[in-house]
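Engineer: Predicted structure and sequence below. I'll ask about it afterward.
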Amino acid sequence: MIGSFLGLAFASRARRAQGPLRWQWLALAAFSLGAIAVWSMHFIAMMGYSPDGLTVRYDPPLTVVSGLLAVAVMAVALTLTLNQDSPLRLLAGGAIAGIGVVSMHYMGMFSMNFRGTMSHETGYVATAIGIALVAATVALWFATRLNGAAALAFASPLMAVAIASMHYTAMMGVRITPDADWGAAQPLPGGSATEFLLPLIVGLFVTILTASLFLMLSDDMETRRPRRTPSPAAAPPVGRSAPAADDVWTRRR
């Protein structure tokens, strides 16, 4: 929910900004939505997943690539929709972001190493894809239209619920078959969930703190920015009266 709020807030500022500052806000929005709202929620939920008591380890390169994929698809979708507001671009951006989020999820699943085989039920996969497409499109609609803290606070929990629904719907279709032929003495490659926990918590804390600082500084700058007042009309020179209004009653004949 925090990632959703930050991402929508940055997208709101990107709509109002021009030049390089616009791309700065857009990059922060893509990172907040992709890395904090989507990827970190997926990985933290996976830490609590223990299939049939099996030991699970994660491939570090694939885990990192899955996070970068989520940020990249959000950046493409936001760029597509924020630069020009049209229904076609909104649907295209939602499709890109939705497919990207689902790909991130299953890439994260593929990074799991355990003594067994994994399969996925087609019905749950299709439902998860549908939820991801709808959730991504709604998220982009929020990003291109919402302003103000109250609206963002209302939309952020909706986005968080949609992202979590996609994840747990996909997880309901996972089937794990333990492999009895795998030698117990053979070590599993990758890192454990606890080894990822400390870097993840520190990284999230620093990222959220930095992003919040950006938001506070931008709000403070907008508050202190002087408002332009229209310049008063030029007064007539001293000793010379302003010309009288020329209407049908004062016009010389």
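Structural biologist: Looks like it arrived, so ask away.

Engineer: quick one: the strands in the stretch 101-250 of the chain?
Structural biologist: Assignment of strands within the stretch 101-250 of the chain using DSSP state E, counting those that start in this stretch yields the ranges 112-113, 116-120, 174-178.

Engineer: Mean neighbour count, these: which tops it?
Structural biologist: Among the strands of the stretch 101-250 of the chain, strand 112-113 has the highest mean neighbour count (mean count of other Cβ atoms under 10 Å), at a mean of 19. For the C-beta atoms, the positions are set from N, CA and C on the backbone; glycine is no exception.

Engineer: Please name the strands paired to that strand in the sheet, noting orientation.
Structural biologist: Sheet pairing of strand 112-113 (DSSP bridges) gives strand 57-58 (antiparallel).

Engineer: one step back: for residue 21, which of the strands of the stretch 101-250 of the chain is the nearest?
Structural biologist: Each of these has some distance to residue 21 by Cβ to Cβ; the shortest is strand 112-113, at 40.5 Å.

Engineer: what's the closest one in contact with?
Structural biologist: Strand 112-113 is contacted by residues 46, 56, 57, 58, 59, 118, 188, 189, 190 when judged by Cβ atoms under 8 Å, 6 or more residues apart in numbering.

Engineer: ditto for stretch 116-133
Structural biologist: 51-52, 54, 94-95, 98-99, 101-102, 105-106, 109, 112, 162, 165-167, 169-170, 172-179, 182.

Engineer: In that stretch, which of the residues would be classed as buried?
Structural biologist: 124, 125, 127, 128, 129, 131, 132, 133 (16 or more other Cβ atoms under 10 Å).

Engineer: avg pLDDT for that stretch?
Structural biologist: Stretch 116-133 shows an average pLDDT of 91 in the prediction.

Engineer: picking up where we left off before, now the buried residues of stretch 116-133 as TSV including distance to residue 206?
Structural biologist: Formatted as TSV, those follow (distance: Cβ to Cβ, whole Å):
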residue	distance to residue 206
124	35
125	35
127	35
128	31
129	33
131	31
132	28
133	32
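
Engineer: which pair in these spans the largest distance?
Structural biologist: Distance extremes for the buried residues of stretch 116-133: the farthest pair is 124 and 133 at 15.1 Å, using Cβ to Cβ.

Engineer: Show me where the stretch 151-253 of the chain has its helices.
Structural biologist: 193-224 (DSSP state H, counting those that start in this stretch).

Engineer: just for it, where's the confidence low?
Structural biologist: Residues of the stretch 151-253 of the chain that meet the criterion pLDDT under 70 lie in 180-186, 215, 218-253.

Engineer: can you do 80?
Structural biologist: By pLDDT under 80, the low-scoring segments of the stretch 151-253 of the chain are 179-205, 207-253.
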